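K.L.:
predicted structure and sequence below. I'll ask about it afterward.
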Amino acid sequence: MKRIMKWMMGVLAILGAAALLAAGSFGSAGSRLQLGWREHASPGAWEAEYLYFSGSSQHALRGGGELLAEVASEGGALQVQILDPAGQVVFSREERGTDRFTVSLPGGGTIRLTGEGHQGGFSFRWAEGDGEA
C-alpha cells in the first residue's frame, strides 16, 4: 500500500510540473515566473496577456513620439518604468488597477516591468504615425 501511495504521489508531482510548463513559461533572466504568458513584440510595440507574472522583463522600442500604454490588472501589482536611450528613468509608477496613460519619448527607449503576483496584461505602442508599430 505504501508503495502505491509513493507511486501515485510521484505521478501527481510529474503531472503538476507538466501542467505548469504547459500553462506558461519560466523566464531565464533573473528570477521570473510567467504563467499563461501570451506575448507579441515588435520594434514599435509590446503587449502581453497572462495568468500570473512575478519578476522582471524588459523590451526595447524603436521609434519615438507618444508612447500609448495600457495596463489591465486583475490582481497583484505591476511596476512600470520607461527608460530613455541613455538608460535614465523618465517615467515610473506602480499599477494595481486598469489604467491608460501616454508618455512622451522622442528617441525610443526601453520598457522595464516588475510584477509582484500580477494578473492581467499590458500594451505599449507608438501613437499612429509616430513609430514603427
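P.N.:
Here it is on my side, so go on. Numbering: from 1, shown residues only.
K.L.:
who does residue 53 bridge with?
P.N.:
residue 34, residue 118 (DSSP bridges).
K.L.:
that one against residue 78, yeah?
P.N.:
Yes: if you go by Cβ atoms under 8 Å, residue 53 and residue 78 touch, sitting 7.5 Å apart. Where C-beta positions appear, they are placed from N, C-alpha and C, glycine not excepted.
K.L.:
overlap of the contact sets of the two?
P.N.:
With contacts taken as Cβ atoms under 8 Å, 6 or more residues apart in numbering, the residues that reach both residue 53 and residue 78 are 113, 115, 118.
K.L.:
kindly tell me how buried the last one is, as a neighbour count.
P.N.:
Going back to what we said before, that points to residue 118. The local packing of residue 118 (other Cβ atoms under 10 Å) involves 26 other residues.
K.L.:
could I get the pLDDT score of it?
P.N.:
With respect to pLDDT, residue 118 scores 96.
K.L.:
check the gap between it and residue 35 for me.
P.N.:
As for residue 118, its distance to residue 35 is 11 Å (criterion: Cβ to Cβ, to the nearest Å).
K.L.:
what do those two both touch?
P.N.:
Residues touching both residue 118 and residue 35 by Cβ under 8 Å, 6+ apart: 50, 52, 53.
K.L.:
surely the first one touches residue 121?
P.N.:
I take that to be residue 50. Yes: the pair residue 50 / residue 121 is scored as a contact, 6.2 Å apart, by Cβ under 8 Å.
K.L.:
follow-up on the earlier one: neighbour count winner among residue 53 and residue 78?
P.N.:
residue 53 (28 against 23).
K.L.:
give the contact list for residue 114.
P.N.:
Contacts of residue 114 (Cβ under 8 Å, 6+ apart): 55, 56, 78, 79, 81.
K.L.:
in what helix or strand does the second one lie?
P.N.:
Assigned by DSSP states H and E, residue 56 belongs to strand 45-61.
K.L.:
shouldn't residue 116 be within a helix?
P.N.:
No: going by DSSP: H, G, I helix; E, B strand; the rest coil, the assignment for residue 116 is strand, not a helix.
K.L.:
ok, it - contacts?
P.N.:
54, 76, 77, 78, 79.
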